[in-house]
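Asks: Fold the following for me, if possible:
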Amino acid sequence: MSNVRAHVYIQGRVQGVFFRATTREKAAEFGIRGWVKNCADGKVEAVFEGKKEAVDKIIDWCHKGPSGAFVEDIQIHTENFSGKFNGFSIIY
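Replies: Model (predicted):
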């Protein structure tokens, strides 16, 4: 299966509910590389790289998020796979 990259914006009650930390845990579980960060406008932004099946799994998870989150909308942008990430990190 091929490697893919998704640039995702998650909107709703997604800050202050451990969305970034839980996303990092899920990324490790699914073998995803990339990053996640909070945005000034209240969204969470993430870049996911990995096998298509794994990226699809983490995007599916992002539709719900961790306990306490309420996801209203997700924007998904497909980008070219870069392979430049060594792991998955939280950007502060």
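
Asks: in this structure, which residue is closest to the centre?
Replies: residue 46 (4.3 Å; Cα atoms, centre = their mean).

Asks: List the buried residues in the helix or strand containing that one.
Replies: Taking DSSP states H and E as the definition, one finds residue 46 inside strand 44-51. Using 16 or more other Cβ atoms under 10 Å as the test for burial, strand 44-51 gives 44, 45, 46, 47, 48, 49, 50. (Each C-beta comes from the backbone N, C-alpha and C, glycine too.)

Asks: Report the contact partners of residue 11.
Replies: The contact partners of residue 11, by Cβ atoms under 8 Å, 6 or more residues apart in numbering, come to 42, 43, 71, 72, 73, 74, 75.

Asks: So what pairs up with residue 6 in the strands?
Replies: Beta-bridge pairing for residue 6 (DSSP bridges): residue 48, residue 78.

Asks: please begin residue numbering at 31 from this point
Replies: That works, and once the first residue is 31, the last one we named lands at residue 36.

Asks: What distance do you get for it to residue 54?
Replies: Distance, residue 36 to residue 54, by Cβ to Cβ, to the nearest Å: 16 Å.

Asks: again with residue 62
Replies: For residue 62, the distance to residue 54 - Cβ to Cβ - is 9 Å.

Asks: joint contacts of these two?
Replies: residue 118.

Asks: quick revisit: quick one: which of the contacts of residue 41 sit in strands?
Replies: 101, 102, 103, 104, 105 (DSSP state E).

Asks: Please pick the buried ones from those.
Replies: Here, 16+ other Cβ under 10 Å leaves 101, 104 buried among these.

Asks: Dump the ones in strands among the contacts of residue 41 to CSV, plus distance to residue 111 and pLDDT.
Replies: Output for the ones in strands among the contacts of residue 41, formatted as CSV (distance: Cβ to Cβ, whole Å; pLDDT from 0 to 100):
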residue, distance to residue 111, pLDDT
101, 25, 98
102, 28, 98
103, 25, 98
104, 20, 98
105, 19, 98
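
Asks: Return the closest of the ones in strands among the contacts of residue 41 with respect to residue 117.
Replies: Lowest distance from residue 117 to the ones in strands among the contacts of residue 41 (Cβ to Cβ) belongs to residue 104, with 23.1 Å.
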